[in-house]
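K.L.:
Give me a 3D structure for the following:
(chains A, B, C, D, E, F, G and H)
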8 protein chains.
Amino acid sequence: MDRNRLESLLNEVREGRTSIGDALDRLRDLPFEDLGFAKLDHHRALRTGMPEVIFAQGKTPAQVTAIFARMAQAGGNVLATRASHEMFLAVLDREPRAEFDEVARTIQLTQNPDIPQGKGTIAVVCAGTSDLPVAEEAAVTARLMGNTVELIADVGVAGIHRLLAQRSSLQSARVLIVCAGMEGALPTVVAGLVHAPVVAVPTSIGYGASFGGVAALLGMLNTCSPNVSVVNIDNGFGAACIASLINHL
Amino acid sequence: MDRNRLESLLNEVREGRTSIGDALDRLRDLPFEDLGFAKLDHHRALRTGMPEVIFAQGKTPAQVTAIFARMAQAGGNVLATRASHEMFLAVLDREPRAEFDEVARTIQLTQNPDIPQGKGTIAVVCAGTSDLPVAEEAAVTARLMGNTVELIADVGVAGIHRLLAQRSSLQSARVLIVCAGMEGALPTVVAGLVHAPVVAVPTSIGYGASFGGVAALLGMLNTCSPNVSVVNIDNGFGAACIASLINHL
Amino acid sequence: MDRNRLESLLNEVREGRTSIGDALDRLRDLPFEDLGFAKLDHHRALRTGMPEVIFAQGKTPAQVTAIFARMAQAGGNVLATRASHEMFLAVLDREPRAEFDEVARTIQLTQNPDIPQGKGTIAVVCAGTSDLPVAEEAAVTARLMGNTVELIADVGVAGIHRLLAQRSSLQSARVLIVCAGMEGALPTVVAGLVHAPVVAVPTSIGYGASFGGVAALLGMLNTCSPNVSVVNIDNGFGAACIASLINHL
Amino acid sequence: MDRNRLESLLNEVREGRTSIGDALDRLRDLPFEDLGFAKLDHHRALRTGMPEVIFAQGKTPAQVTAIFARMAQAGGNVLATRASHEMFLAVLDREPRAEFDEVARTIQLTQNPDIPQGKGTIAVVCAGTSDLPVAEEAAVTARLMGNTVELIADVGVAGIHRLLAQRSSLQSARVLIVCAGMEGALPTVVAGLVHAPVVAVPTSIGYGASFGGVAALLGMLNTCSPNVSVVNIDNGFGAACIASLINHL
Amino acid sequence: MDRNRLESLLNEVREGRTSIGDALDRLRDLPFEDLGFAKLDHHRALRTGMPEVIFAQGKTPAQVTAIFARMAQAGGNVLATRASHEMFLAVLDREPRAEFDEVARTIQLTQNPDIPQGKGTIAVVCAGTSDLPVAEEAAVTARLMGNTVELIADVGVAGIHRLLAQRSSLQSARVLIVCAGMEGALPTVVAGLVHAPVVAVPTSIGYGASFGGVAALLGMLNTCSPNVSVVNIDNGFGAACIASLINHL
Amino acid sequence: MDRNRLESLLNEVREGRTSIGDALDRLRDLPFEDLGFAKLDHHRALRTGMPEVIFAQGKTPAQVTAIFARMAQAGGNVLATRASHEMFLAVLDREPRAEFDEVARTIQLTQNPDIPQGKGTIAVVCAGTSDLPVAEEAAVTARLMGNTVELIADVGVAGIHRLLAQRSSLQSARVLIVCAGMEGALPTVVAGLVHAPVVAVPTSIGYGASFGGVAALLGMLNTCSPNVSVVNIDNGFGAACIASLINHL
Amino acid sequence: MDRNRLESLLNEVREGRTSIGDALDRLRDLPFEDLGFAKLDHHRALRTGMPEVIFAQGKTPAQVTAIFARMAQAGGNVLATRASHEMFLAVLDREPRAEFDEVARTIQLTQNPDIPQGKGTIAVVCAGTSDLPVAEEAAVTARLMGNTVELIADVGVAGIHRLLAQRSSLQSARVLIVCAGMEGALPTVVAGLVHAPVVAVPTSIGYGASFGGVAALLGMLNTCSPNVSVVNIDNGFGAACIASLINHL
Amino acid sequence: MDRNRLESLLNEVREGRTSIGDALDRLRDLPFEDLGFAKLDHHRALRTGMPEVIFAQGKTPAQVTAIFARMAQAGGNVLATRASHEMFLAVLDREPRAEFDEVARTIQLTQNPDIPQGKGTIAVVCAGTSDLPVAEEAAVTARLMGNTVELIADVGVAGIHRLLAQRSSLQSARVLIVCAGMEGALPTVVAGLVHAPVVAVPTSIGYGASFGGVAALLGMLNTCSPNVSVVNIDNGFGAACIASLINHL
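P.N.:
The predicted model follows:
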């Protein structure tokens, strides 16, 4: 469309129906999206295998269903994070192929299996069962983006030998996502064992002076391992996006 | 050495001078580094092109010089960050080939030019001149690790057109480091323009409610762009390590 | 009344019934409101078109109804913010002309349509659907104060082209209200595109290190755009008051 | 220049030397500023009377002087805030017409006296002598932007009668800037006395639990007066920009 | 009892049944309360008119009732603060003379009307209806401690004339309790109008950056009026204890 | 003066030279201080024995001297707190009768020895030598306001017997000021031993998690003794003002 | 098992079936736990009498039951902390010998009564009934670890004589656990009375500026008694672990 | 002395010179320290080998010298922590046997070599050279209290193998002090390797979001190892006191 508008303007110039001065003025006022900028963006999701995503928390089941259905119509894969079972039932009514992951709290619809595949494995590491929802959100997201994921749970820093026993798995990953609550030391220790980039996810697990994940967040930001970067508290989804981008390089 | 110890133990076993039971006991008590674990680590720096690094801030010129000289003897490249000119003069006395970058506040010694080269370009982006020390620390570090670096300064979010004018540079980078103080919005906006991973570095630039970089840090952690991860305030060095690791994948 | 009291005092002085000394003493003790000070205040609302307002949150439906009815008797427009549907039903029983806005969470009664009209348009801008309640609270309030309001939603900084596409709308506003949660960068970017004053409203939308809107608040206070001022988290009402005052200048 | 580039492109189209398709491609890739976008920005300062501004704090006298001189060449007015006397002497060497305000800590150069004049008076209000540097920074900035400024000092809330005695001055202002440290209550009380918009500036004056201005900042954000918006701690410059924009409407 | 123990020890000494050395040893080990120290404390409540008090919040109705009944048996006045209506019904079953104050959220039992009377009036001041529960808790407590209380509500700093109109009431109080949420400026302004000590009570009323009363607390601690001291957020009870102590001097 | 203005207005009314209507208008516009309001304030200091006070910290010796001299001319007592020895020398040049207290960091001038005397003793209590500057500031201030002060130092809660040994001194005070840094527990323990009001002063003494007095401040606000109120960190002056007011009741 | 693997490797070496070089390589790659490291850990609980522990809060009754049953099969003692009555009923169905402590909120199963006994008494001290759940969690845990526990409640610092009356109990303890909310001063005062190590537990009891136990935590960290160390807010379990370790030395 | 007073009182009773009633009255009024309570305290230091300690930071060299000399006269060992070299020179003038530890920043005087010896070894562990001042303060203090100390430095969690290589040293300690800045994860990892109590000391080492040791402090408080307790930031002295007490049990 915008190409059309530009084309007819240029035709008018060529044919002398519009003066150079008028053409200059009209070009200056063209909205940016008319230059094709926005369209690139529109196709990005499908091209890169990145699904359309809904942050479901705080929305009603009806709202989640409506957005989910609209996104599904675009033909790509759809993912809703922080979703409840009640939301899933509402979505299922509309999209019978939707799937729910109870631990990850995700609803997903895989319409486009031909996602470009990441080159290596993404290791998703966490300490205890309490961190599993965040770790699983990362794992589900990364898989839907075309990555092979290895989930390594139950490896806390207070029992360092369990972590060391996983050394070969850790070292064979191309990028690692490490989730930890409480003191948040796991990413630092893991990062010291590998040469790959580590995306650290503080979780809100803990009590008292954990301040809903702040202690873990600060621990990760102050890591003495130089290969750790950090995302927001409980942001398993974001960590997966970054890890997937890296793994597709 | 440890290989020697293990070898003689195995020889004793073969020759029957040590019983299987005694060998088992001695093996269980071997320190871990005797298994070669530490050596791998020792060689990592040279193999990956990651320099030996000194965090100079808070040390005396004499201390920096001593550590610098000891590291230089190992034959690899050496980097001191957060260094003063006074520290440089002290180091120069001992290592006449050392170089100082006034803006980045780094002292470096390049003994090993054959570093493995990263595959693409790392873009280092910042808004104003105040953020330059952090951005240059990242740039110097990344170059010393074998990366091509493009520094894009003077592109704040309050004048969005200047940033948009750099769109092609931004989009051609394989990984980006974006430094910002004050409200810390630059990484989010940059990340919306590219498909590559963005490492965000909050800087301590600002006053009043910037709280020494906390406002920028929080802004980056709460980014609505899914391809942003964050390092500690002013940690240009750490951002370069992560970006280099990604760029060498 | 107070005019009457003063008048009779002066009459007593003129007629010699009260000595100058006694009059001085009585004048010194007159309450301030007797000097007409309070009345000015009393008429301010009607004169400026500013409605009488109830902050409904934390009150019972009965309390809201009682205050609403009492204010309605004064003849001006009445507005209740942070109101629930249950509160609306209670108010409706008493004031059948009251209207409810589900998104803005406001109950309003328009008794006085002849409000002085603001001179230009107030643009109310926000990023996503989550920020809409705050943005709509601002829009409803501003309209009730006699302003033309243009609501521009779905323009987040992570997809800068959508914002740029709204450039002409933004630039034609006389004053702008920009609501944003998470990293709170939208007001800074918008302010860089316009010459008008921008009132920034941090919203409590976000999770983890957003700390209920604190990250957005800090981001806005540290803006590098010089035409941004800030109100309290979620305070759409206050932003509308300020914008309306400016728009009526 | 960019107009020239566009013009020659259009000429090539008209003359048939460039096909419509090629012209479309080249237009799509034009940097945004080539569309005249940046120029508008470039001319904004002169047109609106907004001076070019340097935040001098943290820069060396040599750096301030260099930036100041470069800005002065553009022909408009130049302002440096948070400047020391030592910086002024360095600037004076290069720009003999520069002036220093010891209290406001500003260096200014007025080359363009024909600034558009604001329509009313901006009142700059503060409590004690400690808040004067911030208040004067606001006053100097506002004057340089073409506003009549009335400075009202020594009116703290602990002696409310002194404030009330200034009621007519306060009420005749078109917009007010109110600076306060410690508990930061002054903007709220002033705002209750006037119908105009109030820009509140928390100052870092205080000790102990004032936390460098945080107590005042929180007080202002939680104001119960609906006509108050807030800028960063000690940001007299920003308050003046907003007030000037409003006063020029 | 302890007097008895001491008496018999001394008798044993006199009668030579216990040696001086043994007596010394036993005296050194006597618990302190045996010296009459604790008893003074025990009688304090009745002597000073200070009631026995239960902090009911977080306790079950059964627990509140049990403690209330036990205290009632001591014969003095009993007060439960932060109590619910449900708690009251439980207490009423056991103590039919107990009274409930819905706004103050207090249950009280007056068994001892002959409390020593304070010398002047305690003024309890607050701004809006939201602060009333805290103000009423202070008023109920102060009355039960034998003080004449004048409650002055609806006098916020944003409408200073309403406060000034109460000047004579304020100035005639012997001590004042001033409750305020949001920006917490009321105690400072009130304290500037009187010569009496002011006990400031921050309330948790507010939203966003009020942080549950922290903004008000900081405002009060940073007061520029030298006659203000502060108690914990929502601590109407504590303010009344202090004010009553002062009023009984 | 204002009495004069009012008098002549009333005379004009009596003599018929001014109409009632005009007189009404002029009366409404009279500044409040013309009603004698401000004068009351002006005489307050002398009447109550409260000295004129300068907060010297952050001022230059010249500024302190200038203010000190101006206040001295009013004839009352003058006090400068947070003063350095260098400031004292500057003041001494101008006011040879000025006295300096090295520990309290106060400069004082006693011109009016006939201050009304407080009724009882004010006990000023602190734990260690580090808290002495704050305690002495309180003591010097209280004495200058006409109170008998007993300073009780070296009684920390970690050695409770030293505090108990001072029990009779504590119990004979009419009001107590208790200064403490670190954990700030002293006011609570002292308040449990007495029946008098306790004004608690957190000091900035401590390190690490004392956060410049915040730990002590929070400890005091959360006291379980009902007779404690709190002032700002290090605010010995404010505590003395309150204690003196109470002691003069 | 790992012993088996090592044994067969050594046998292969002895019998010449594996070369020394190959054996070296395989030894270097052995997971660490194969060296018996993990087993030591596995036996630790039974050897030291430390029970297997479940942090029940945030888990479903079904999850708690499942983990409880699995741990019970190991034959040692089992403890679940932060458990509800509903969880207990679920566990009881499966493990009829399980016991519930309503105040401590613990479920425990004692299968192994022959725990090594600590050498002295652990005193668990707290102020009021509100701190009892934390104190009882500590007491229950310490008893299950083989310690004699003396619980001393109702000894707050505001009534110091009650604490002093317990002096001999306090002084006869080998290690003390002191729980306190609000201002958290109790550990400091207790520690001043004894020569033993004190483990301080801040509790979340309080309101307003207690910030869920932060005030108490800071108070304890800033203690002026040199024999106090601190655990997380409400962490009665952790305090008991440390105290038990010390008591078994 | 007090024994004397008591003795003569008892003699008077025995001899009938004082009645039982009078004796009772006088006994009730005896200051507590007269009962021998304070003396116990006074002898504690010498008996337990705990030195007299001066916190030198913030004091002048003259003050430190004066206190040091006074303490030295008591005949026991004396320790000054946080001392500068300048302070040492001043002390040396007065006490020629005083010794200075440049890293630990301590001045000590050993007059009483016969301190009771602790039963095992105290391991003092830290990561880098930056943490050494705190670790050495702990080591010096612990040695002066009669403990054998093993200092294990350079064992950070980012290179876990270096820590594991020290496993036997760690496991042979009777109690451990672990100092760490930045993310503060070292105590947790160390505690997972040993069965002994671990006293964790956060250090202020770090930058940006380390907030002067707060990140490390929070990390340690949220440890998932149950044998860790924590002291204040940089409090090496306090950690040594606790460890020594435990080691002397």
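
K.L.:
Need the phi and psi values for whichever residue of chain A sits closest to chain E.
P.N.:
Here the residue of chain A nearest chain E is residue A:211; by Cβ to the nearest Cβ that distance is 13.7 Å. For the C-beta atoms, the positions are set from N, CA and C on the backbone; glycine is no exception. The phi/psi pair for residue A:211 (degrees, to the nearest 10) reads phi 50, psi 50.

K.L.:
Spell out which residues of chain A are next to chain B.
P.N.:
Residues of chain A found near chain B (Cβ under 8 Å from any Cβ of the partner chain) are A:44, A:48, A:50, A:53, A:119, A:174, A:195-197, A:199, A:217, A:221-223, A:226-233, A:237-239, A:241-242, A:245-246, A:249.

K.L.:
are any of these buried, and which?
P.N.:
Buried members of the residues of chain A next to chain B, scored by 16 or more other Cβ atoms under 10 Å in any protein chain shown, are A:48, A:50, A:53, A:174, A:196-197, A:199, A:217, A:221-223, A:226-233, A:237-239, A:241-242, A:245-246, A:249.

K.L.:
Strands of chain A, start to end?
P.N.:
For chain A, strands defined by DSSP state E occupy the ranges A:52-55, A:78-81, A:99-101, A:106-109, A:121-126, A:148-152, A:175-180, A:198-202, A:228-230.

K.L.:
Narrow the residues of chain A next to chain B to those in helices?
P.N.:
A:44, A:48, A:217, A:221, A:237-239, A:241-242, A:245-246 (DSSP state H).

K.L.:
wait, which of the residues you listed is closest to chain D?
P.N.:
Using Cβ to the nearest Cβ, residue A:44 comes nearest to chain D of these, at 17.1 Å.

K.L.:
quick one: pLDDT of that closest one?
P.N.:
pLDDT recorded at residue A:44 is 45.

K.L.:
Low-confidence ranges, chain A, go.
P.N.:
Low-confidence segments of chain A (pLDDT under 70): A:1-5, A:25-50.

K.L.:
Next to chain G, which bits of it? Give me the list.
P.N.:
A:130, A:159, A:161-162, A:164-165, A:167-168, A:207-210.

K.L.:
most tightly surrounded among the strands of chain A?
P.N.:
Of those, the one with the most neighbours on average (mean count of other Cβ atoms under 10 Å in any protein chain shown) is strand A:198-202, at a mean of 33.

K.L.:
Using CSV, write out the CA atom coordinates for that one.
P.N.:
Provided in CSV are the C-alpha atoms of strand A:198-202 (Å, rounded to 0.1, in the frame of the first residue of the first chain):
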residue,chain,number,x,y,z
VAL,A,198,24.8,-18.0,31.4
VAL,A,199,21.5,-16.2,31.7
ALA,A,200,20.6,-16.0,35.4
VAL,A,201,16.9,-15.9,36.5
PRO,A,202,16.3,-14.9,40.1
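
K.L.:
burial of the closest residue to chain G within chain A, as a residue count?
P.N.:
The shortest separation between chain A and chain G is 3.0 Å, found at residue A:208 (distances taken as Cβ to the nearest Cβ). Other residues within reach of residue A:208, judged by other Cβ atoms under 10 Å in any protein chain shown, total 22.

K.L.:
Is it correct that residue A:156 is in contact with residue H:224?
P.N.:
Yes: proximity of residue A:156 to residue H:224 meets the contact threshold set by Cβ atoms under 8 Å, at 5.6 Å.

K.L.:
Identify the contacts common to those two.
P.N.:
residue A:127 (Cβ atoms under 8 Å, 6 or more residues apart in numbering or on different chains).

K.L.:
For the residues of chain A next to chain G, which single residue is the most surrounded?
P.N.:
The most crowded member of these, judged by other Cβ under 10 Å, is residue A:209 (27 neighbours).

K.L.:
So it is in contact with residue H:218, correct?
P.N.:
Yes: Residue A:209 is within contact range of residue H:218, at 5.6 Å (criterion: Cβ under 8 Å).

K.L.:
where do the contact lists of those two overlap?
P.N.:
Residues touching both residue A:209 and residue H:218 (Cβ under 8 Å, 6+ apart) are residue A:215.

K.L.:
between the residues of chain A next to chain G, which is nearest chain F?
P.N.:
residue A:209 (10.7 Å).

K.L.:
Which residues are in contact with the closest residue to that closest one other than its chain neighbours?
P.N.:
Residue nearest to residue A:209 in three dimensions, not counting chain neighbours: residue H:221, with 4.3 Å by Cβ to Cβ, 6 or more residues apart in numbering or on different chains. By Cβ under 8 Å, 6+ apart, residue H:221 lies in contact with A:208-209, A:215, G:217, G:230-233, H:230.

K.L.:
Can you tell me how far the residue nearest to residue A:153 when sequence neighbours are not counted is from residue A:191?
P.N.:
In space, and not counting its chain neighbours, residue A:153 is closest to residue A:126: 5.3 Å by Cβ to Cβ, 6+ apart. Residue A:126 sits 15 Å away from residue A:191, going by Cβ to Cβ, to the nearest Å.

K.L.:
Same question for residue A:77.
P.N.:
In this view, residue A:77 and residue A:191 are 31 Å apart by Cβ to Cβ.

K.L.:
quick one on the thing from earlier: quick one: which two of the residues of chain A next to chain G are the most distant?
P.N.:
By the measure Cβ to Cβ, A:168 and A:208 form the most distant pair in the residues of chain A next to chain G, at 36.3 Å.

K.L.:
chain center to stretch A:180-195: distance?
P.N.:
Between the centre of stretch A:180-195 and the centre of its host chain there is 21 Å, according to Cα atoms, centre = their mean, to the nearest Å.

K.L.:
is chain C contacted by that stretch?
P.N.:
No: counting by Cβ under 8 Å from any Cβ, no contacts exist between stretch A:180-195 and chain C, the nearest distance being 11.7 Å.

K.L.:
That stretch and chain H in contact?
P.N.:
Yes: applying Cβ under 8 Å from any Cβ, one finds stretch A:180-195 touching chain H at A:182-185, A:188-189, A:191-193.

K.L.:
ends of that stretch, how far apart?
P.N.:
Start-to-end span of stretch A:180-195 (Cα to Cα, to the nearest Å) is 20 Å.

K.L.:
Where does chain A get nearest to chain H, residue-wise?
P.N.:
Across chain A, no residue is closer to chain H than residue A:185, which sits at 3.2 Å (Cβ to the nearest Cβ).
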